[in-house]
Every structure is written in C-alpha cells, then in structure tokens.
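**Q** only the shape, not the letters, is given here:
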C-alpha cells in the first residue's frame, strides 16, 4: 500500500518516537524508506543549532540511518536546505512518496506557534497522506 515512505527527522524526542512507528510501517508494507533532514535557513529567525549546519544534519541522518539499518531496513537519505515544511512537501512530491510519517512537534514548537508548526504546515501542503505520531 505504501511503496515509498518519507520520514523527515530533526533532533526532537517526537521524531525519535515516530521512528518506531515508521519502522513498523515500512516493515509491514515492505516500503522504500527515505530519511530527510533539513538545514534550516534562518530568514531572520534563529535556526535551531541541531538543524543549523549541514554537518549537524548529516550527523543526524547518519544516526537515524544506523537505527533503521540495525532493524534490517534499507534507507535513502536526503539533506536539503530551506524552510522545513516546504522542503518536506517538495521532496514528497519529487520522490512520489505515498506517505509522510512525522512527529507531532519539532524542536522549535512553542505554545504560541502551534498553528505554525512544521507538522501542521505539512498536513496542509502535502501531496500525499501524512501520519503525525504523537
């Protein structure tokens, strides 16, 4: 059912929790798994240190890939730069993803910004279904 699953990750605990559900889905559906992490462009805002440099994002992707590989899941990794929500949706479209699985909150969510969360934006812009893991 889900040939290609996109799993956008950041350094948040929610992304780590979503990894378990992602592994379960990928194994069940024998899906192709794509790991994506975005180097955040600041655009006048402070980017989070965990997502602010290509080196930090590359390290995050390698750790995530190792977690999935240890479970027998082959992955493809993609690193991009830009606004996370837009990049996630663009990559989902480019890769013909059948599903995006992501955590409910990222590293930058504040109580005032819940309506502006990355997951909320992805839900509204995605070219495919989105599973948000609490």
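**A** Happy to help now that I have it. Remember, predicted model here, so these are calculated numbers, not experimental data.
**Q** what residue lies at the spatial centre of the protein?
**A** The chain has residue 8 as the residue nearest its centroid, 0.9 Å off, counting by CA atoms, centre = their mean.
**Q** report the beta-bridge partners for it.
**A** Each beta-bridge partner of residue 8 is listed here: residue 36, as defined by DSSP bridges.
**Q** wait, what's in contact with it?
**A** Listed by CB atoms under 8 Å, 6 or more residues apart in numbering, the contact partners of residue 8 are 15, 36, 37, 38, 84, 88, 91, 100, 102, 122. The C-beta positions use only the backbone N, C-alpha and C, and glycine is treated the same way.
**Q** farthest-apart pair in those, please.
**A** The widest separation within those, taken as CB to CB, falls between 15 and 91 and amounts to 15.7 Å.
**Q** which of those two has more residues huddled nearby?
**A** Taking neighbours as other CB atoms under 10 Å, residue 15 and residue 91 compare with residue 15 leading, 24 against 18.
**Q** picking that back up, so which of the contacts of residue 8 sit within helices?
**A** Using DSSP state H, the members of these that fall in helices are 15, 84, 88, 91, 122.
**Q** for the residues you listed, give me JSON lines that also has pLDDT.
**A** Rendered in JSON lines, the data for these read as follows (pLDDT from 0 to 100):
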{"residue": "15", "pLDDT": "89"}
{"residue": "84", "pLDDT": "92"}
{"residue": "88", "pLDDT": "97"}
{"residue": "91", "pLDDT": "98"}
{"residue": "122", "pLDDT": "96"}
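**Q** ok, so of those, who is nearest residue 63?
**A** The closest of these, once distances to residue 63 are taken by CB to CB, is residue 15, at 11.1 Å.
**Q** the helices in the chain, which residues?
**A** Assigned by DSSP H, the chain shows helices spanning 13-29, 54-69, 84-94, 118-125.
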